[in-house]
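K.L.:
This is a predicted model, with the sequence first.
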Amino acid sequence: MNNKEIAMKAAAILLKKKALDVVIIDISTKSSFADYFVIASGNSERQTGTLSDEIIEQLAKEDILAKSIEGKNSSGWILMDYGDVIINIFSIEQRERYNIERLWGDGVIIPIEESEQPLKQ
């Protein structure tokens with residue numbers, strides 16, 4: 001699985017678990033430490049924890065393991081380092097505070113493929 005596919009899979013997992021405002025940013029031409037950011041928000045500490053647990057579990061099934069994980073549910077920001085894919089799961093308040101999308105505004109927003117979107121009911 002290539003880095004873009006990992007980012008897309010992570011986004012799909014987050015969407016399936018009802019994460020808010022899931023975004024993928026291609027930073028490959030702007031950064032030496034990663035190719036993609038996946039950014040999402042959770043409604044509560046419990047949800048941010050569930051989102052990160054689900055990412056760990058589902059990617060591990062594909063033999064994709066995190067190099068490191070920083071932050072706790074209560075901190076409002078969990079950073080998951082999958083090498084060239086960095087997954088950031090924020091509380092709504094912390095996401096507004098850090099505004100990663102603005103900081104990396106010169107990166108390219110990658111559309112999440114239609115097949116990855118949850119079905120509307």
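P.N.:
Yep, that arrived.

K.L.:
pLDDT-wise, which helix or strand of the protein ranks last?
P.N.:
Scoring the helices and strands of the chain by mean pLDDT, DSSP states H and E places helix 100-103 at the bottom, with a mean of 77.

K.L.:
Residue 1 versus residue 61, what's the distance?
P.N.:
With distances taken as C-beta to C-beta, to the nearest Å, residue 61 is found 11 Å from residue 1. C-beta coordinates here come from the backbone N, C-alpha and C atoms, glycine included.

K.L.:
who's more crowded, those two?
P.N.:
residue 1 (11 against 7; other C-beta atoms under 10 Å).

K.L.:
For the longest helix belonging to the chain, which outside residues touch it?
P.N.:
Determined from DSSP state H, the single longest helix within the chain is helix 45-60. With contacts defined as C-beta atoms under 8 Å, 6 or more residues apart in numbering, helix 45-60 is touched by 6, 9-10, 13-14, 16-19, 40, 42, 65-66, 69, 73-74, 76, 78, 80, 82, 87, 89-91.

K.L.:
That's all I had, so thanks and see you.
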